[in-house]
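Participant: Quick one, structure for this:
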Amino acid sequence: MKKTIMMLLFSALLLFLIPMHTHAATNQTKIILDGQDLVLPNDVEIVNVRNNIMIPIRVVAENLKFKVNWDQKTQNVDIQEGSNAISLTVGK
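Facilitator: Numbering: from 1, shown residues only. Sure thing, here's the model as predicted:
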């Protein structure tokens, strides 16, 4: 009887000491730019689309000190650095 109680107490102790992993694993994907990890906002995702990794252009461009302008209506982003500029449109 004492052995059974001791085993139950030991089992209960182990359950409290071993952390339970009930939540999904957090996103381990990260972007490294010039050897530095970029801090991604919580609402930003890195997505694999048909083996093409899609990263948030704003995060990368702003960390390169580029000016970023987003036009929601036209779904167009303009990125400028000095006299150099590029314009990208979603889906094109």
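Participant: Okay, now the unreliable bits of the protein?
Facilitator: Across the chain, the ranges flagged by pLDDT under 70 are 1-28.
Participant: Kindly recompute the last result at 80.
Facilitator: For the chain, residues meeting the criterion pLDDT under 80 lie at 1-30, 44.
Participant: helix or strand for residue 78, which one?
Facilitator: Under the criterion of DSSP states H and E, residue 78 resides in strand 76-81.
Participant: if we look at that strand, which residues are touching it?
Facilitator: Residues external to strand 76-81 that are found in contact with it (Cβ atoms under 8 Å, 6 or more residues apart in numbering): 57-58, 61, 64-71, 85-90. All C-beta atoms are positioned from the backbone trio N, CA, C, and that covers glycine.
Participant: taking those residues one by one, which sit in strands?
Facilitator: Among those, DSSP state E puts 67, 68, 69, 70, 71, 85, 86, 87, 88, 89 in strands.
Participant: What's the local residue count around the residue nearest to the first one when sequence neighbours are not counted?
Facilitator: In space, and not counting its chain neighbours, residue 67 is closest to residue 80: 4.5 Å by Cβ to Cβ, 6 or more residues apart in numbering. Taking other Cβ atoms under 10 Å as the neighbour definition, residue 80 ends up with a count of 14.
Participant: who's residue 80 bridged to?
Facilitator: Assessed by DSSP bridges, residue 80 has beta-bridge partners residue 67, residue 85.
Participant: distance of it from residue 59?
Facilitator: Distance, residue 80 to residue 59, by Cβ to Cβ, to the nearest Å: 16 Å.
Participant: ok, so of the ones in strands among the contacts of strand 76-81, who is nearest residue 32?
Facilitator: Checking the ones in strands among the contacts of strand 76-81 against residue 32 with Cβ to Cβ, the nearest one is residue 68 at 19.8 Å.
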